[in-house]
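Student: starting from these lines, generate the structure:
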Amino acid sequence: MFNLADNWFYWLMLAGAVIVPLLLLVLYSRRTLRGVHLQLYVMGVAIGLLWEVPLHFLGPRYQADSIYIMHMEWPLLPITQPVTAAIWDGMFFLLCLLAVRLILPQPHFTRLRWSEFVTVAVCGGVSALLVEVLATSVAWSYVPRVWNPALFYIDAHPVTAMPVLIWLAVSGLFYVITVRVLGRST
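Tutor: Here you go, the predicted structure:
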């Protein structure tokens, strides 16, 4: 059986994947969040699954020439790993929307605005970079390739461009969806 000490990073991932949706439901029940925010969270999770599932199947469990390596074993059924990561992705998307509300003047998300788009995209890219910095050498690291160059190294393990580039692109997509959803809800 897997123990907490050997898989601490993944156990923290799993704890967050339980706590985040529960916290959102509590905030919704206290009317701090509206139903549209929960809808955006679910859309963020769905968008996260668009890359988490393919990346999972391009990993070492399924590919001889994997695009990443695992530094510790996932403690549950393997397919729960991309779902857990997507739950976190939904939270990161919501945090990027919060960044827009904190940084930029109102009104927010009423129409497409470059300042909001750039804020969400940069927030997404920074989130991805932070996750990769924390995970590299502990949980996983991507294998540098011509199409996924190393940006820098942590304990001789590469932090590569692909996760950050994915997040830049999908954060823009999430922003466009947010404007459509919030524009209808007002």
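Student: contacts and neighbour counts: CA atoms only from here.
Tutor: Will do.
Student: which of the three states applies to residue 183?
Tutor: Per DSSP: H, G, I helix; E, B strand; the rest coil, the secondary structure class of residue 183 is helix.
Student: list the residues that contact the residue lying closest to it once chain neighbours are set aside.
Tutor: Closest residue in space to residue 183, ignoring its immediate chain neighbours: residue 110 at 5.2 Å, by Cα to Cα, 6 or more residues apart in numbering. The neighbours of residue 110, taking Cα atoms under 8 Å, 6 or more residues apart in numbering as the test, are 179, 182-183.
Student: figure out the length between the terminal residues of stretch 135-147.
Tutor: Counting by Cα to Cα, to the nearest Å, you get 21 Å between the two ends of stretch 135-147.
Student: pLDDT value on the residue nearest to residue 183, please?
Tutor: According to the prediction, residue 110 has pLDDT 93.
Student: what does the helix or strand that residue 168 is a member of rub up against?
Tutor: Residue 168 is part of helix 161-185, with elements assigned from DSSP states H and E. Taking Cα under 8 Å, 6+ apart as the criterion, the residues outside helix 161-185 that touch it are 36, 40, 44, 47, 93, 109-112, 116-118, 120-122, 124-126, 128-129, 132, 147-151.
Student: what mean pLDDT does that helix have?
Tutor: Helix 161-185 carries an average pLDDT of 92.
Student: re earlier: where does the residue nearest to residue 183 land in three-state SS?
Tutor: Under three-state DSSP, the three-state class of residue 110 is coil.
Student: quick check: phi and psi on it?
Tutor: For residue 110, the backbone dihedrals are phi -90, psi -30 (criterion: degrees, to the nearest 10).
Student: quick check: the gap between it and residue 71.
Tutor: Distance from residue 110 to residue 71, counting by Cα to Cα: 44 Å.
Student: many thanks, have a good one.
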